[in-house]
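Enquirer: Okay, predicted coordinates and the sequence, questions at the end:
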Amino acid sequence: MTALALTGCANNSTGGGTAGGSGNKNLIVSTDLPLQGSSATQSNDTNKLIQLYLDQVGGKAGNYNITLKTYDDSTAAKGAWDDAACAKNATDHVANTNEVAVMGTYNSGCAKIELPTLNQDSTGPMLMVSHANTNPGLTKTWDTGEPEKYYPSGTRNFARTITTDDYQGVGAAAFAANDLKIKKAYVLDDNQTYGIGVARAFTDNAKKNGIEVVGSAHWDAKQPNYTALYQAVKASGADMVYLGGIYDNNGGQLVKDKVAVLGPNDGSVKLLGPDGFTGYPDLLKLDESKGMYLTFAGLTQDQLAKAGGTGAKLLDAYKAKYNKAPDGSYPLYGVAAVQVILDAIAKSDGTRKSVTEQVLGGSGITIPADQSVLGKEIKIDPTTGDTSAKDLTIEIIKDGKETFEKSQSIS
């Protein structure tokens, strides 16, 4: 079959048909990702890998023809995801009458803006399946009013193929205590939804593992440097700094100044960051990133490639077409999210409401291990929308690459 072309951004024509009309056999699945700034490379690679997968399955989900439409939730001015862009995208998703599900978002804060709009869609709720939203509050009790406030209709419409930051915090803290022998940690966050959440998860579990949290602070992405911040860390006697946040928020300067004030990452003060710092070529190019530890709330692309199977074959096809591997480990999780969406569409009557009901509220969706691009069964809990796979990978940056250190399943 002729390869499906990626359709344009959210400002393009929305097409015809009626959302909710079961006779329509031509449906749209969208992605909603930051296509500008530091996340752009990984997001664009995610879109290309999803398109390649759709080409391989003939652009079909059961009896339905599927076209991919890409939305950008970032702005050039901000160089990262943007509140207003996310809000507009949510409205545009609902207005695009042939669109039945969204793969995204990348940033949990963006999902929290979009979900209530998708949830109140009169022909839905409209399904969103994320490959990267790890904030626990989207699916379980975390902060005040969560997760109920994201589902004003009373019916859930969000699922994910990645595990949550409470589990990431468990693994990261255990690694810091048992492998790195950390005694005192200083925790920084970028004062955004994801960053605050993952920092909190690490802090709670660090204490359980005998690590004293000797200080915490927000970092301001607009600051030209963080020398004063790291002087406070130095005075605290911390032997590790934990960065809760995303690289997009001036993470390069943050890493540079850590080394300038506290010394190299393989020295007396370690540096550990979450998956918000994974998959960024600009970080890997920094000399100061050497020796930085990273956690990823899943299995890395290298691990999945070595395991063989559907995911490895897809990566091989991508490399053959683009002469490189996708950046980061999230692109394969994006395809996993699309697998969930396509299975839901195949079992539905083609309406938004029916697509959502296949994932949430019924028996849920299960992608068998031999079909899953993640090399293991993908089972979505129909009550919460969370995945059954709870994996954590530890990496270290060396020789300009994210290098596998260890992995573990978390119960």
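Expert: Thanks, I have the structure now.
Enquirer: Going along the chain, name the helices of the stretch 251-400 of the chain.
Expert: Remark: helices assigned in the stretch 251-400 of the chain by DSSP state H, counting those that start in this stretch are 251-262, 281-285, 301-307, 309-322, 330-347, 352-359.
Enquirer: Report the contact partners of the most centrally placed residue in the chain.
Expert: For the chain, Ala132 is the residue whose C-alpha lies nearest the centre (CA atoms, centre = their mean; 1.3 Å). Residues in contact with Ala132 (CB atoms under 8 Å, 6 or more residues apart in numbering) are 104-107, 162, 275, 330, 333-334. C-beta here means a position set from N, CA and C on the backbone, and glycine is covered the same way.
Enquirer: now Cys86
Expert: Per CB under 8 Å, 6+ apart, neighbours of Cys86: 32, 73, 105, 109-110, 113-114.
Enquirer: tell me the two of these that are most distant?
Expert: Spatial extent of the contacts of Cys86 (CB to CB) is set by the pair Asp32 and Gly109 at 12.8 Å.
Enquirer: Going by how many neighbours each has, rank these two and give me the top one.
Expert: Asp32 (30 against 19; other CB atoms under 10 Å).
Enquirer: Against which helices or strands is the host helix or strand of that one packed?
Expert: Assessed by DSSP states H and E, Asp32 sits inside strand 26-33. Under the contact criterion of 3 or more CB pairs under 8 Å, 6 or more residues apart in numbering; DSSP states H and E, strand 26-33 touches helix 40-56, strand 64-72, helix 83-95, strand 99-104, helix 330-347.
Enquirer: Just the buried positions in it, please.
Expert: For strand 26-33, burial by neighbour count (16 or more other CB atoms under 10 Å) applies to 27-33.
Enquirer: Equivalent analysis for stretch 205-221, please.
Expert: Within stretch 205-221, the residues scored as buried using 16+ other CB under 10 Å are 205-206, 209, 211, 213-215, 218-219, 221.
Enquirer: if we can go back for a sec, for the residue nearest to the residue nearest to the centre of the chain when sequence neighbours are not counted, the count of nearby residues, please.
Expert: Leaving aside its sequence neighbours, Ala132 sits nearest to Tyr106 (CB to CB, 6 or more residues apart in numbering; 4.7 Å). By other CB under 10 Å, the residues close to Tyr106 number 29.
Enquirer: Would you double-check that the residue nearest to the centre of the chain falls in a strand?
Expert: No: looking at Ala132 with DSSP: H, G, I helix; E, B strand; the rest coil, it is coil, so not inside a strand.
Enquirer: Relative to Phe202, how far out is the residue lying closest to Leu35 once chain neighbours are set aside?
Expert: Closest residue to Leu35 apart from its sequence neighbours, by CB to CB, 6+ apart: Asp72 at 4.1 Å. Between Asp72 and Phe202 the computed distance is 30 Å (CB to CB, to the nearest Å).
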